[in-house]
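# Give me a 3D structure for the following:
(3 chains)
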Amino acid sequence: MVLRRFLRDSGHLVRPAIVLLAAMGLFLVVRSAVIPKAFGQYGHYRPGALDAIRARPISFAGQDTCVACHDEQAKVRAAGKHAHVACEACHGPLAKHADDPTANVPKRPEVANLCRRCHEKDAAKPQGFPQVATVEHSAGMACNSCHQPHNPHL
Amino acid sequence: MIPGVDGFMYPNEVELQWSLLIVLYPYITGLVAGAFILASLERVFKVEAVRPTYRLALLTALAFLLVAPLPLQLHLGHPERSIEMYLTPHRSSAMAMFGFVYLWYLTVVLLLEIWLEFRADIVRMAQTTKGLTRLVYKALTLGSENLSPAARRIDDKVGYAVTVIGIPSAFLLHGYVGFIFGSIKANPWWSSPLMPIVFLFSAMVSGIATVLLLYMASMKVKKMAIDMRCLDTIAKYLFYTFVIDFTLEMLDLIHRTYEADESFRSLDFMVHTRLWGSQVILQILLGTLVPLVLLAANQLWTFSEAKRRAMYVIACGLTLVGIFAMRWNVVIGGQLFSKSFLGYTTYKVEFAAREGLLAASALMLLPFVIFIVLVKLLPPWPERETT
Amino acid sequence: MDISRRDLFTMGGKLLVLASVGASLEQITGAAPPTDAYRMAEHWWGMIIDVDKCIGCGNCARACSRENNVPSGYFRTWVERYEIEEGRPPHVESPNGALDGFPPSKREDVKSFYVPKLCNQCADSPCVQVCPVGATFVSPDGVVLVDETYCLGCRYCVQACPYGCRYLHPDKNTVDKCTLCYHRITKGLTTACCESCPTGARQLVDFKDPKDPVHEFLRHNKVQVLKPYMATQAKVYYKNLDGAVR
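Predicted coordinates:
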């Protein structure tokens, strides 16, 4: 009797509990339906992201690709101080050219700025690095009128 | 060189990531926690004098809690993805649990307590009103109109239990917001174990001040007499909490100054330049010391009712400005200096932008609109209207 | 009050739930798992930087920007120039991240040098730790990446990075950062910055490859990571890094 009365008088409290539980149940259903596939396979993330990032296009073809065709220039360069400077460090990104060499012909680099970027004298540059105050060194003459960029030694 | 930048910033640091809206977030959440703790004073700690503000405080907490996530939502780069916080919460992230803490607090604590407290009124309204209004109240009864004394006794017991759970929950809600900032080791302005507790006490201060002001305003609008005993008691508690809050903040300041680690020179310079107005003038002088003096004066001497009311309004108004300035100084201040400690950037509030002044003002007004609706729906002063 | 009950599921309203359900369904139909020879478990990527070789040409920053379409005004890698007068705080600059190189140094009587910066690919990454949803993560081969279809744009990670390596992409509204050219290194290429560095100041390394020069490098040089007291297990090692560098 006492129990039944207690149940009757606390019966209204069951209602918010039902609303809450129903909401939680609905949440779990929605969650299982929309959570990305394989989430958590390698860690707390969507493994598909790895493939999506890997699939991004390339702009710099890479040294090996350039040298595969331009072996003559590579030989000249290998003999000089620029042996370890990659082609695209000066020529810029050329993956498109590598994909279709005739359709995408690269422009020659602008020598005046190109050489100075590395070799203009500056106090913050490492001391052993070859650098010149271009104004005194060449007085406006293009660098490649004396130096060959692929092997700059005179 | 770069406009607004002094010295050296890492190049990606020039632009601030967390704007005015993120200032509102801890501000509003703090008001919720503070208002709720004031309500629990009556319910759990049996401070009878604050009874007139009990229901008001609950509705204030709800009005602000409903708005609390909106500034975050508006600030997100992709608001439509926010449900991911619930789908795949990252356990190591201090931010991920906020959604759950929020829902827990909203449903299990606040809505339940308000429902239990107002159930008798809801049922009465459902029986006496007509038309659409009746339908609303009918729905709010959740289909039970049992108001027997035994049922009410059970309500009271459960309500008490909910409030007891509610106090740590309110602490959790806002202490947690403090932890979001306090746990960022990369940022010395934020990284401090004191941050959650400073946030908590400043939350209580701002929440109590808000309820006090809302109570006075409501009485004015309703043309009802202000219960001065209630007002004095709230002011007393405001004073106590404020003293603790100020002590903690000063402890943080003294600790930083005394330790003077790598970041100190940079942060000290920032406080003396870019944050001088908002930190020293607004937060500490106007927003803390002036209200503290006003409140302390009331503990020492007895003023006339009119004078007391005026002093409380000024003290609470300035407190709210001060706590807002405190949130600003934490959130914005934490992004004005470079993590290289070699430079400073500037934050310029936009006006009509998504995260601008207009949006922030609208978000700050919204809780008051909700509050008015809630008060219309569930009048917190039924004793005088119905009897 | 029943209106508020419905808020159980959403912080921003029903529409948002519907929108994100749609968005997440799209993500289910993701790309197929890789079928090529690259095995993530066999690599652990990082970088070594020889400060004494950096000439501040800015090639790395330019190459990165072109390889990764880095939005203007933001940087996945950049170069800083330090000028330190004895007993004074350093003077540092990085005009436009060194995308256009550097103006000539103003002083010759002070210690000065260049420092390249990029994401340190921390193994205990604070940015990954704070991401609320798992949109940024350390890949099985040790690269810190962002899933731009999952990032909320909350920018907690930007705040958590001690090195300033993250930014919000202004068009995508998601956080963006150095991927260590993940799309290149998983195909056997080096990163765009390393490819274009004329002096070999920066070198991509694989700690799991026993033949990688990194092992010799670490054995024979005094190295340092940036802000070691952050204990992030950074995998970008600097040789001859000055103590003033932050």
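
# Residue 17: neighbouring residues, count only.
All of this refers to chain A. Per other CB atoms under 10 Å in any protein chain shown, the neighbour tally for A:Ala17 reads 10. C-beta here means a position set from N, CA and C on the backbone, and glycine is covered the same way.

# Chain B is the one I meant
Number of residues near B:Gln17 (other CB under 10 Å) recorded here: 20.

# Give me the neighbour count for the closest residue in space to it that isn't next to it in sequence.
By the measure of CB to CB, 6 or more residues apart in numbering or on different chains, the closest residue to B:Gln17 outside its immediate chain neighbours is C:Arg155, 4.1 Å from it. The local packing of C:Arg155 (other CB under 10 Å) involves 22 other residues.

# List the contacts of the residue of chain C found nearest chain B.
Among residues of chain C, the one nearest chain B by CB to the nearest CB turns out to be C:Gly153. It sits 1.8 Å away. Each residue near C:Gly153 by CB atoms under 8 Å, 6 or more residues apart in numbering or on different chains is listed here: B:76-78, C:168, C:173-175.

# pLDDT value on it, please?
We have a pLDDT of 97 for C:Gly153.

# Point to the residue nearest the middle of chain C.
The central residue of chain C, meaning the one whose C-alpha is nearest the mean C-alpha position (CA atoms, centre = their mean), is C:Cys119 at 2.4 Å.

# what sits against it?
Contacts here follow CB under 8 Å, 6+ apart; on that basis C:Cys119 touches C:76, C:144, C:163, C:165-166, C:177-178, C:180, C:236.

# B:Ala151 too?
Contact partners of B:Ala151, counting by CB under 8 Å, 6+ apart, are A:9-10, A:12.

# Toward the C-terminus, what is the element adjacent to the host helix or strand of it?
Assignment of secondary structure by DSSP states H and E places B:Ala151 within helix B:149-182. Read in the C-terminal direction, the helix or strand following helix B:149-182 is helix B:195-222, with elements assigned using DSSP H and E.

# what's the angle between that next one and helix B:149-182?
Per axes from the mean of the first three to the mean of the last three CA atoms, to 10 degrees, the angle that helix B:195-222 makes with helix B:149-182 is 130 degrees.

# Give the buried residues for helix B:195-222.
B:195-216, B:218-219 (16 or more other CB atoms under 10 Å in any protein chain shown).

# Name the spans of chain B whose pLDDT lies under the cut-off.
Low-confidence segments of chain B, defined by pLDDT under 70, span residues B:382-387.

# and if we set it to 80?
Across chain B, residues meeting the criterion (pLDDT under 80) sit at B:1, B:382-387.

# quick revisit: what comes up buried for the helix holding B:Ala151?
Residues of helix B:149-182 classed as buried: B:151, B:154-155, B:159, B:162-163, B:165-167, B:169-182 (neighbour count, 16+ other CB under 10 Å).

# isn't B:Leu200 right next to B:Tyr176, touching?
No - because the distance of 9.5 Å does not satisfy CB atoms under 8 Å, B:Leu200 is recorded as not touching B:Tyr176.

# rewinding a little: just give the nearest non-adjacent residue to the residue nearest to the centre of chain C, would you?
C:Cys178 (3.7 Å).

# if I look at the one you found, how far off is C:Pro162?
For C:Cys178, the distance to C:Pro162 (CB to CB, to the nearest Å) stands at 15 Å.

# B:Val221 now?
When CB to CB is the yardstick, B:Val221 and C:Pro162 sit 51 Å from each other.

# B:Pro291 too?
Note on B:Pro291: its distance to C:Pro162, by CB to CB, is 37 Å.

# Give me the residue ranges of chain A where confidence is low.
Scanning chain A for pLDDT under 80 picks out A:1.

# what's the neighbour count on A:Cys90?
Under the neighbour criterion other CB under 10 Å, A:Cys90 is assigned a count of 20.

# coming back round to it: among the contacts of C:Cys119, list the two that are farthest apart in space.
Across these, the two members that end up farthest from each other (CB to CB) are C:Arg166 and C:Val236, 14.9 Å apart.

# Neighbour count for these two, which is higher?
Just comparing C:Arg166 and C:Val236: by other CB under 10 Å the higher neighbour count belongs to C:Arg166, 25 against 22.

# mind listing what that one touches?
Contacts were defined as CB under 8 Å, 6+ apart; by that measure C:Arg166 touches B:12, C:119, C:127, C:157-158, C:175-177.

# try it again with 10 Å
Contacts here follow CB atoms under 10 Å, 6 or more residues apart in numbering or on different chains; on that basis C:Arg166 touches B:12-13, B:17, C:74, C:76, C:119, C:127, C:136, C:144, C:146, C:155, C:157-160, C:175-178.

# A:Ala83 now?
Counting by CB under 10 Å, 6+ apart, A:Ala83 makes contact with A:74, A:76-77, A:150-151.

# C:Ser125 too?
Residues near C:Ser125 by CB under 10 Å, 6+ apart: C:119, C:131, C:136-138, C:144, C:157, C:160-161, C:232-235.

# From A:Arg77, how far out is it?
Using CB to CB, one gets 39 Å for the distance from C:Ser125 to A:Arg77.

# Please apply the same query to B:Phe64.
The spacing between B:Phe64 and A:Arg77, counted by CB to CB, is 69 Å.

# ok, those two, which is more surrounded?
Using other CB under 10 Å as the criterion, B:Phe64 and A:Arg77 rank with B:Phe64 on top: 26 against 22.

# Could you list the low-confidence segments of chain C?
C:1-36.

# repeat that with 70
Under the criterion of pLDDT under 70, the regions of chain C flagged as low confidence span C:1-35.

# So which residues of it form strands?
Taking DSSP state E as the test, the strands found in chain C are C:45-50, C:77-84, C:91-93, C:111-118, C:136-138, C:144-146, C:167-168, C:175-176, C:202-206, C:223-224, C:236-239.

# Could I get the ones you listed in a markdown table, plus columns for distance to chain B?
Rendered in a markdown table, the data for the strands of chain C read as follows (distance: least, CB to the nearest CB, whole Å):
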| stretch | distance to chain B |
| --- | --- |
| strand C:45-50 | 16 |
| strand C:77-84 | 5 |
| strand C:91-93 | 4 |
| strand C:111-118 | 8 |
| strand C:136-138 | 9 |
| strand C:144-146 | 12 |
| strand C:167-168 | 4 |
| strand C:175-176 | 8 |
| strand C:202-206 | 18 |
| strand C:223-224 | 16 |
| strand C:236-239 | 15 |
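
# what's the helix or strand for B:Met326?
When the helices and strands are read off by DSSP H and E, the one containing B:Met326 is helix B:305-331.

# helices and strands around that helix, which ones?
With contacts defined as 3 or more CB pairs under 10 Å, 6 or more residues apart in numbering or on different chains; DSSP states H and E, the secondary structure elements packing on helix B:305-331 are helix B:20-43, helix B:149-182, helix B:195-222, helix B:228-259, helix B:290-300.
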